[in-house]
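Colleague: what follows is a protein structure lacking sequence information:
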C-alpha cells in the first residue's frame with residue numbers, strides 16, 4: 001500500500017491518494033466516480049479501524065489507572081480519556097508533520113525503547129534472549145502450517161474471533177498506515193523503503209513480544225500463577241499486572257495513552273488527505289473535523305457498550321473485504337508501472353483503459369479528418385517541408401506483460417555472446 005502510493009505520487013506526480021495507484025488500469029478515470037468510490041472506501045476503513053483501536057485503548061488505559069488507584073473504572077472516565085486524547089491529537093495535527101507530530105512520534109519511540117530496555121535487564125535477561133532466538137525459529141518453521149490452517153472439522157471459533165477479525169482490522173488500517181508512510185518517504189528508493197517498512201518493524205516487533213511475553217511467563221511462574229488470575233479477570237490489565245512487579249506502572253500508563261494520541265493524529269492527517277484529493281495544504285478546520293469525528297465515533301461505541309464494539313469489529317471486517325480486492329488490483333497496477341519504468345516507457349503505454357497506442361490522434365486543423373485521406377486507421381499527419389511523411393505502422397501492444405518464460409528467453413538473447421551474429425534484421 002505505502003510503496004504503491006509513494007511511487008505514483010512522487011515518481012509520476014499523481015495525487016497522494018488511493019485512486020492514483022489504479023492509474024495503470026483506469027487511466028484518467030481515476031478522477032471520476034470510480035476513484036471517488038475507492039477513496040471513500042479507504043476513509044470508512046480508516047475511520048472504523050482507528051475508532052476500534054481508540055475504544056480498546058481507552059479501556060486499557062482506564063484499567064491501568066484503576067489498578068494504580070488513581071481513577072475509578074467507569075464509562076465517565078473513559079469518555080474523559082477519549083476527549084483528552086482527541087484534544088492532544090488535534091493540537092498535534094494542527095502543528096504539522098515536521099513539528100508536533102514528529103516530536104510526539106520521537107518521544108513515543110524513545111519512551112518505548114527505554115521501557116523495553118528496562119524490562120529486558122530487570123527481568124530474566126538470559127532466558128528472554130535465548131527464548132527470543134528459539135521462538136523466532138519456531139515462528140518461521142510453523143508459518144506455512146498456521147497460514148493454511150482453516151480449523152476444519154473442529155469449528156472452535158478461533159479463526160473467526162481471532163484470525164478473521166485481526167485480518168480485517170489490519171486491512172482496514174492499511175490505507176491509514178500506507179498513506180502515512182508514503183507521506184514521509186519522499187526521496188527513498190524502493191530497496192530502502194522495503195527494508196525500512198518491512199524488515200526493521202518486524203524485527204522490533206519480535207523483540208518487543210519476546211521481552212514482555214517471556215518476562216510475563218517468568219513473573220507468573222515466580223508468583224504461583226497470580227498474574228494469570230488477574231488476566232483471566234480482566235485482560236486489559238495484563239500489561240499493568242506484569243509491571244506491578246516493577247516500578248514502571250505509572251510510566252507505562254502514560255506511554256499507552258501516548259500510543260493512541262499518535263495513532264489518532266496520524267489517522268486524522270490521512271483522512272484529510274483522502275478527502276481533499278491528496279492535497280497537503282487542506283484547510284485546518286477540515287483536519288479538526290476529522291480528528292474530532294474519530295473521538296466522537298469511539299465515544300458513541302463505548303456508550304453503546306459491548307454491542308457497539310462488536311458492531312465496530314463487524315464493520316471493520318466488512319470494509320476490509322472489498323478493500324482487500326482493491327489492494328490486489330493495486331499490486332497489479334504497481335507491477336505494470338514498474339514494468340514501464342524499467343523499459344523507460346511512458347506510464348500511458350501500459351494503461352489498460354484507453355492506452356496511448358489506441359487513442360485517436362488529434363489534428364491541428366479542426367476541419368480536417370483525424371485520419372489521413374479519411375481512411376480509418378491511418379494517423380493524422382501534417383506536411384513537413386512540402387511533403388507528407390509516410391504513416392508509421394502501429395507499435396506493438398506494450399500493455400501486455402511478458403510471461404516469465406518469454407522474459408527469460410529475451411534475457412538470454414540479449415546477454416548471449418552470439419546475440420548479434422545470427423540475428424536477422426528487417427530492412428529499413
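Modeller: That came through fine. In this text, all values refer to a predicted model and were calculated from it rather than measured experimentally.
Colleague: what about residue 285, how many residues nearby?
Modeller: Residue 285: 8 surrounding residues under other CB atoms under 10 Å. Every C-beta, even on glycine, is put in place using the N, C-alpha and C of the backbone.
Colleague: got the contact list for it?
Modeller: Going by CB atoms under 8 Å, 6 or more residues apart in numbering, residue 285 touches no other residue.
Colleague: and it, helix, strand or coil?
Modeller: helix (DSSP: H, G, I helix; E, B strand; the rest coil).
Colleague: against residue 90, how distant is it?
Modeller: Per CB to CB, to the nearest Å, residue 285 is found 11 Å from residue 90.
Colleague: next: residue 42.
Modeller: 21 Å.
Colleague: quick one, which of the two is more surrounded?
Modeller: residue 42 (27 against 23).
Colleague: wait, residue 264 sits on residue 293?
Modeller: No - using CB atoms under 8 Å, residue 264 is not in contact with residue 293; the gap is 10.8 Å.
Colleague: higher neighbour count, the two?
Modeller: Neighbours were counted for residue 264 and for residue 293 using other CB under 10 Å; residue 264 has more, 28 against 15.
Colleague: residue contacts, that one?
Modeller: 50, 54, 85, 86, 89, 291, 294, 295.
Colleague: what do you get for residue 256?
Modeller: Taking CB under 8 Å, 6+ apart as the definition, contacts of residue 256 comprise 57, 60, 61, 64, 239.
Colleague: I figured the fourth one hits residue 242, correct?
Modeller: No - taking CB under 8 Å as the contact criterion, residue 64 and residue 242 are not neighbours in contact, 11.2 Å apart.
Colleague: looking only at pLDDT, what's the mean for the lengthiest helix in the chain?
Modeller: The longest helix of the chain (DSSP state H) is helix 306-342. Helix 306-342 carries an average pLDDT of 78.
Colleague: now swap in stretch 114-127 and tell me
Modeller: pLDDT averaged over stretch 114-127 gives 86.
Colleague: roughly how far is that stretch from the heart of the chain?
Modeller: Between the centre of stretch 114-127 and the centre of its chain there are 31 Å (CA atoms, centre = their mean, to the nearest Å).
Colleague: from the chain's centroid, how far away is stretch 128-136?
Modeller: For stretch 128-136, the distance to the chain centre is 29 Å (CA atoms, centre = their mean).
Colleague: in the stretch 251-400 of the chain, which ranges drop under the pLDDT threshold?
Modeller: Low-confidence segments of the stretch 251-400 of the chain (pLDDT under 70): 251, 253, 278, 280, 305-313, 315-316, 319, 350, 352-400.
Colleague: can you give me the helices for it?
Modeller: Counting by DSSP state H, counting those that start in this stretch, the stretch 251-400 of the chain has these helices, from start to end: 284-303, 306-342.
Colleague: equivalent analysis for the stretch 1-150 of the chain, please.
Modeller: 2-10, 23-26, 33-67, 75-95, 102-122, 125-147.
Colleague: and the pLDDT at residue 51?
Modeller: pLDDT, residue 51: 78.
Colleague: show me the contacts for it.
Modeller: Residue 51 neighbours (CB under 8 Å, 6+ apart): 294, 297, 298, 301, 312.
Colleague: name the residues contacting each of residue 64 and residue 242.
Modeller: The contact lists of residue 64 and residue 242 share no entry, where a contact means CB under 8 Å, 6+ apart.
Colleague: and stretch 200-219, which residues are buried?
Modeller: Residues 207, 210, 211, 212, 214, 215, 216, 217, 218, 219 are the ones in stretch 200-219 that count as buried (16 or more other CB atoms under 10 Å).
Colleague: one more: stretch 8-18?
Modeller: Quick answer for stretch 8-18 (16+ other CB under 10 Å): 8, 9, 14, 15, 16, 17, 18.
Colleague: any idea how far residue 292 is from the fifth one?
Modeller: Just to be clear, that refers to residue 16. Taking CB to CB, one finds residue 16 at 23 Å from residue 292.
Colleague: swap in the fourth one?
Modeller: Separation of residue 15 from residue 292 (CB to CB) stands at 25 Å.
Colleague: also the last one?
Modeller: Per CB to CB, residue 18 is found 23 Å from residue 292.
Colleague: again, but for the second one
Modeller: From residue 9 across to residue 292, the span is 27 Å (CB to CB).
Colleague: what does residue 252 give?
Modeller: 28 Å.
Colleague: compare these two (neighbour count), which wins?
Modeller: Shown here are residue 252 and residue 292; by other CB under 10 Å, residue 252 has more neighbours (19 against 16).
Colleague: now do the same contact list for that one.
Modeller: 64, 115, 239, 240, 243.
Colleague: got it, and residue 159?
Modeller: Per CB under 8 Å, 6+ apart, neighbours of residue 159: 149, 150, 151.
Colleague: just give me the closest of those to residue 170.
Modeller: For these, the residue nearest residue 170 by CB to CB is residue 149; the value is 17.8 Å.
Colleague: that closest one - how many residues pack around it?
Modeller: By other CB under 10 Å, neighbour count at residue 149 equals 12.
Colleague: which non-adjacent residue is nearest it?
Modeller: Spatial nearest neighbour of residue 149, chain neighbours left out: residue 159 (7.8 Å); criterion: CB to CB, 6 or more residues apart in numbering.
Colleague: give me the pLDDT value at the one you found.
Modeller: pLDDT, residue 159: 76.
Colleague: sec struct for it, please.
Modeller: Applying three-state DSSP: residue 159 is helix.
Colleague: and the gap between the closest residue to residue 351 other than its chain neighbours and residue 19?
Modeller: What sits nearest to residue 351 in space, not counting adjacent residues and going by CB to CB, 6+ apart, is residue 27, at 4.5 Å. With distances taken as CB to CB, residue 27 is found 11 Å from residue 19.
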